[in-house]
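Visitor: A predicted structure for the sequence below; I have some questions about it.
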Amino acid sequence: MNEFKRTLEKLRQADPPRSALYQLSNLHGQELALLTEAWSSFSEEHRQMVVSRLIEIAEADFEVDFAEIFKVCLCDSSAPVRAAGIEGLWEVEDIRLLRPLIDLLRDDPSSLVREAAAISLGRYALLAELGRLQDRPSDMVWAALWNAFDNPKEDLYVRRRAAESLAYFGRAEVKQVIERAYQSEDPKMRASAVFAMGRSADEEWAETVLSELERDDPEMRYEATRACGDLRVFEAVPLLSKMVADPDPEVKLMAVWALGQIGGPAARRVLEICTEVGDEAVQDAAEEALTELEFMQGTLDLSMLDFDADGDADPWEDDEEIV
């Protein structure tokens, strides 16, 4: 325990050593209580810095677990810290988080936090669609997101993220959500509608997303490109092949990704060319897209997989329904 107290002292430093941050992984019991007590004594700026670094570490190292700290952040007095806490919990599927996230979406005074909550609830919308969430919590998620989207007084970005998260549901009402968002006069809401079209996995939207690929607005081109990849719109390959040289760097990287998702001989040829020409980011993205394409087509070397003593691949554990 004295060792953890020394960790807390290091955590107070203006530039906490990375080793001290790693010591915050898998906290429980008395150590978590000590951190919670010390946390409120840190300045707001310092708390923001610490939680941001923890998120960076968690994204780079899947073995660390800062979930308990991120949960503490949900009740922080600072809106950026609360939002960061929500972001840090992006992989956590604990049903006990549902109520706090719904409450934050509905009642938090900060639009930044409500937006983060709307994004995070999308994870549970996906679980519901996969049959891993029971009816009651599934209905709770739907209602919270629908109410946020349907509220004209709500912040635009919150409504956008609610629409995007609702798209995971396979309910008939999702089409209405997407159509309303797409008919909006606000270009950002329209971009979210196109993103939602791809996320919905409904091929009915293929023609619409294809029509948006040549927009002047780079955000719309980006979302249309992503949606074409999500929906595997083969008719988009000729345009996407040109967009790997788009003036917007994010759009051209998304075009590379989309070609990898769509696949086919033409898309493969473009990706192979991209590994040899263009900037380094495009080359790297093309190599990743080709690797994923080969995996999806079953052409990867099977020796890359782990096999048990009987020669069978280790089975993945069956997903359990979240109660």
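Guide: Arrived safely, thanks for sending. Residues are numbered from 1 along each chain as shown.

Visitor: so which elements touch the helix or strand encompassing Val251?
Guide: Applying DSSP states H and E as the criterion places Val251 in helix 249-262. Other helices and strands packing on helix 249-262, by 3 or more C-beta pairs under 8 Å, 6 or more residues apart in numbering; DSSP states H and E, are helix 218-231, helix 237-243, helix 265-274, helix 280-296. Just so you know, the C-beta spots here come from the backbone N, C-alpha and C atoms, and that holds for glycine as well.

Visitor: just put those helices in TSV and tack on distance to Ser110.
Guide: As requested, those are arranged in TSV below (distance: least, C-beta to C-beta, whole Å):
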stretch	distance to Ser110
helix 218-231	23
helix 237-243	36
helix 265-274	41
helix 280-296	34
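
Visitor: in terms of mean pLDDT, which of the ones you listed ranks lowest?
Guide: Summarising mean pLDDT across the helices and strands packed on helix 249-262, the least confident stretch is helix 280-296, with a mean of 92.

Visitor: report the buried residues of that one.
Guide: Of all the residues in helix 280-296, those buried under the rule 16 or more other C-beta atoms under 10 Å are 282, 285-287, 289-290, 293.

Visitor: okay, angle between that helix and helix 218-231 too, please.
Guide: Note on geometry: by axes from the mean of the first three to the mean of the last three C-alpha atoms, to 10 degrees, helix 280-296 and helix 218-231 are set 20 degrees apart in direction.

Visitor: run through who's touching stretch 60-76.
Guide: The set of residues external to stretch 60-76 that reach it, using C-beta atoms under 8 Å, 6 or more residues apart in numbering, is 22, 24-28, 32, 35-36, 39, 47, 51, 54, 57-58, 81-82, 84-86, 88-89, 92, 94, 97, 100, 104.

Visitor: again with stretch 280-297
Guide: Contacts with stretch 280-297, where a contact means C-beta under 8 Å, 6+ apart, come from 244, 249, 252-253, 256-257, 259-261, 263, 267-268, 271-272, 274-278, 300.

Visitor: buried members of the residues you listed into ChimeraX, please.
Guide: In ChimeraX, selecting the buried portion of these, with burial taken from 16+ other C-beta under 10 Å, looks like this:
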select :244,252,253,256,257,259,260,261,263,267,268,271,274,275,278
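
Visitor: of the contacts of stretch 60-76, which belong to strands?
Guide: Cross-referencing these against strands under DSSP state E gives no overlap.
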